[in-house]
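>>> Just need the structure, nothing else, for what follows:
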Amino acid sequence: MQQIIPVLIAGGAGTRLWPASRGDKPKPFHRLGMDRTLLQDTALRFQGPMFAAPVVICSSRHAELARAQLTEAGRPPMAVLAEPEGRNTAPAVIAAAVYGAEIGPETALLLVHADNLASDVPALHAAIAGALPAVNAGHIVLFGIKPDGPHTGYGYIQAGIGDGATSPVVSFIEKPDLETARRFVEDPMFSWNGGMFLFRAGDFLGEADRLAPQAAAAVKAAVRDAERQGGVIVMSDAFRAAPAIAVDYAILEKTDRARVVMTDFGWSDAGTWSALWGSSPKDGGGNVLSGDVIATSAADCLAQTDGPTVVLAGVSDLVVVVENGIVLVASRAAADGAYKALDLDQRPDLK
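Numbering: from 1, shown residues only. Below is the predicted model of the structure:
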């Protein structure tokens, strides 16, 4: 059976989940009230005969943490591609394609973000299997997420008329206004862009060379000159010469190889405290609690602590997070923007 290499992107600041997600330990490396970290949960989602061991892309600061977490979860990585500096997703994906091409140009790679959730793994696997024929025909297949509401914070993919499991991509729309998002939800040709796609290494590299030559050249040099130690590939400083650009803008919106398959596997980006509250199991009062938290006459709160006891009494609609010496207390409505309200020039220790 053809095996797919899951490529787990574990970068980004995740600032909407501050103070848990910070520079030293970003969002993918946290449990966020679950039994496993988001990185571990993502890696364990892709097991079985269809999948090879995962590859992780992250900052060089977090390479050993990534390897340790996946080893702890019983899913040690095939490799960790360590970036000397974050340059957004296009250089990261090109690096994965370069690594895959070292194995063989027809190596299939599944690009996923290591900080998303999926509640229906069998449905996800079925969608991946259904996309493989198009990938083996040279296409880059995106997994569109069936919208469950008019979300204005996500990008959307418009599909054309398909002739099988996948459909041609007509357009990408980034974060529409509410009225437009409502129209998209009613139209079966539109899906959320969850940032997950499947491709063969050689096909993607060919498009990177054609559409993003500066990034491709920098990343190829960075992988060629990388320091390789025990499965960790620390890319050279040549990586810094790659433009900091998202893969959507650099390649996916320009290529004529893009196809899309509509999926519905219980996806959530778990990107904010309010989203995490909404997608998590709750107690009888509608609370989501993790750590040493006592709730009495409390309703619809999210609270987690890494040590000190937190007591919620007679309150509602709050987010309370205690993490590494920082305490956040905010309404659920305001918690997601708390990081932006900080004057980090005056308090760099809070980053």
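>>> For the spatially most central residue of the chain, grab phi and psi.
The centre of the chain sits closest to residue 113, judged by C-alpha atoms, centre = their mean, with a distance of 2.1 Å. Dihedral angles of residue 113 (phi, psi; degrees, to the nearest 10) stand at phi -90, psi 130.
>>> correct me, but it touches residue 193?
No - contact between residue 113 and residue 193 fails when scored by C-beta atoms under 8 Å: they sit 11.4 Å apart. Yep, even glycine has a C-beta here, placed from its N, CA and C like the rest.
>>> got any ranges where the chain has weak pLDDT?
13-14, 344 (pLDDT under 70).
>>> For it, just list every one of the helices.
For the chain, applying DSSP state H gives helices covering 38-45, 63-72, 89-103, 121-136, 178-186, 201-211, 213-224, 247, 273-279, 332-335.
>>> How far away from the center of its chain is the last one?
Chain-centre distance of helix 332-335: 22 Å, with C-alpha atoms, centre = their mean, to the nearest Å.
>>> same check, this time on the shortest one
Relative to the mean C-alpha coordinate of its chain, helix 247 is positioned 13 Å out (C-alpha atoms, centre = their mean).
>>> helices or strands up against it?
When contacts are defined as 3 or more C-beta pairs under 8 Å, 6 or more residues apart in numbering; DSSP states H and E, helix 247 sits against helix 89-103.
>>> Which residues does stretch 292-311 contact?
Here stretch 292-311 makes contact (C-beta atoms under 8 Å, 6 or more residues apart in numbering) with 20, 32-33, 273, 276-277, 280, 283, 285-291, 312-324, 332, 335.
>>> Of those, just the buried ones, PyMOL syntax please.
Selection of buried members from those for PyMOL, criterion 16 or more other C-beta atoms under 10 Å:
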select buried, resi 20+32+33+273+276+277+280+287+288+289+290+291+312+315+317+318+319+320+321+322+323+332+335
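>>> picking that back up, residues contacting the residue nearest to the centre of the chain?
By C-beta under 8 Å, 6+ apart, residue 113 lies in contact with 8-9, 42, 194-196, 269.
>>> Pick the one among those closest to residue 210.
Set against residue 210, the nearest of these by C-beta to C-beta is residue 195 (21.7 Å).
>>> That closest one and residue 214: what is the separation?
Distance of residue 195 to residue 214, computed by C-beta to C-beta, to the nearest Å: 22 Å.
>>> Comparing those two, which shows the higher neighbour count?
residue 195 (21 against 13; other C-beta atoms under 10 Å).
>>> where's the closest residue to the more buried one other than its chain neighbours relative to residue 35, distance?
Nearest-residue entry for residue 195: residue 113, 5.3 Å, with adjacent residues in sequence omitted and distances by C-beta to C-beta, 6 or more residues apart in numbering. Residue 113 sits 20 Å away from residue 35, going by C-beta to C-beta.
>>> Correct me if wrong: residue 45 contacts residue 123.
No - here residue 45 does not reach residue 123: they are 11.6 Å apart, not a contact under C-beta under 8 Å.
>>> Comparing the two, which shows the higher neighbour count?
residue 45 (20 against 14).
>>> quick one: contacts for that one?
The contact partners of residue 45, taken as C-beta under 8 Å, 6+ apart, are 118, 121, 124.
>>> For the buried ones among these, write the corresponding PyMOL selection.
Only the buried entries of the contacts of residue 45 go into this PyMOL selection, using 16+ other C-beta under 10 Å:
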select buried, resi 118+124
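>>> mind giving me a markdown table with the contacts of residue 45 and columns for distance to residue 210?
Below are the contacts of residue 45 laid out as a markdown table (distance: C-beta to C-beta, whole Å):
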| residue | distance to residue 210 |
| --- | --- |
| 118 | 32 |
| 121 | 35 |
| 124 | 30 |
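>>> From the chain's centre, how far out is stretch 314-331? Work that out for me.
25 Å.
>>> And the contacts of it?
Under C-beta under 8 Å, 6+ apart, the answer for stretch 314-331 is 18-20, 22, 273-274, 277, 291, 293, 296-308, 310, 312, 332-333, 335, 338, 350.
>>> which ones among these are found in strands?
If you go by DSSP state E, the contacts of stretch 314-331 have 293, 296, 302-305, 310, 312 in strands.
>>> Looking at the residues you listed, which one is closest to residue 61?
residue 304 (23.7 Å).
>>> Fine by me, thanks again.
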